[in-house]
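A.B. asks: the following block contains a protein sequence and its predicted model.
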Amino acid sequence: MAYKYGVGISHLEFWVKDLEESLAFYGKLFPMIGWDALNKTSFSCGLHEIYFKQMPVQLHDSLGVRHICFHAQSREVVERVGEWLRSINGSIIRGPQAMPQYTPEYYTVDFRDPNGFVLEVAYAPDIEL
């Protein structure tokens, strides 16, 4: 069987409480880490797509992933994300900082988006998938 997009994740759907707030946040974050807008509510890195839907609060009763980690192309990208988060008084969990217990070059910033989703942007050139 042939696959149009190859094996892997096609897309991620984020249910958010305030669509405009989320789009403003991700509209700034994603260009810093190499993702482009596909349209008003979706973004892609060329391999995967993330899109956003506003959902009523009473439907927020499902469990999901603990966090999503985005690859950074350099430590400087991680630093730039950290600086941006500080400039908007973002909810930084840790970093930017080295995490040598993962790999010697692992450099990360962990934070929450406006919905409380935990995100990570990490530079890990020595990690093997």
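C.D. replies: Sure thing, it's come through.
A.B. asks: helices and strands of this structure: which one bottoms out on pLDDT?
C.D. replies: Lowest by mean pLDDT, DSSP states H and E among the helices and strands of the chain is strand 11-16, with a mean of 87.
A.B. asks: what lies in contact with that one?
C.D. replies: 22, 42, 48-55, 59-60, 68, 114-115, 117 (Cβ atoms under 8 Å, 6 or more residues apart in numbering). Glycine gets a C-beta too; all of them are placed from N, C-alpha and C.
A.B. asks: for stretch 94-103, same thing?
C.D. replies: With contacts defined as Cβ under 8 Å, 6+ apart, stretch 94-103 is touched by 75, 78-79, 81-82, 106-110, 122, 124, 126-127.
A.B. asks: run the last query once more with 10 Å
C.D. replies: With Cβ atoms under 10 Å, 6 or more residues apart in numbering as the test, stretch 94-103 has contacts from 72, 75, 77-83, 85-86, 104-111, 120-128.
A.B. asks: any idea how far apart the tips of that stretch sit?
C.D. replies: Its first and final residues considered, stretch 94-103 spans 17 Å by Cα to Cα, to the nearest Å.
A.B. asks: now it: buried residues?
C.D. replies: By neighbour count on 16 or more other Cβ atoms under 10 Å, the buried set for stretch 94-103 is 95, 96, 98, 99.
A.B. asks: just the helices in the protein please.
C.D. replies: For the chain, the helices defined by DSSP state H cover 19-32, 75-87.
A.B. asks: ok, now which ones touch residue 51?
C.D. replies: Residues in contact with residue 51, defined by Cβ under 10 Å, 6+ apart, are 11, 12, 13, 14, 38, 39, 40, 41, 42, 43, 44.
A.B. asks: what's the neighbour count on the third one?
C.D. replies: Close neighbours of residue 13, defined as other Cβ atoms under 10 Å, add up to 11.
A.B. asks: and if you look at the last one?
C.D. replies: Look at residue 44: counted by other Cβ under 10 Å, it has 15 neighbours.
A.B. asks: still on that earlier bit, which one of the contacts of residue 51 is nearest residue 26?
C.D. replies: The closest of the contacts of residue 51 to residue 26 turns out to be residue 43 (Cβ to Cβ; 6.5 Å).
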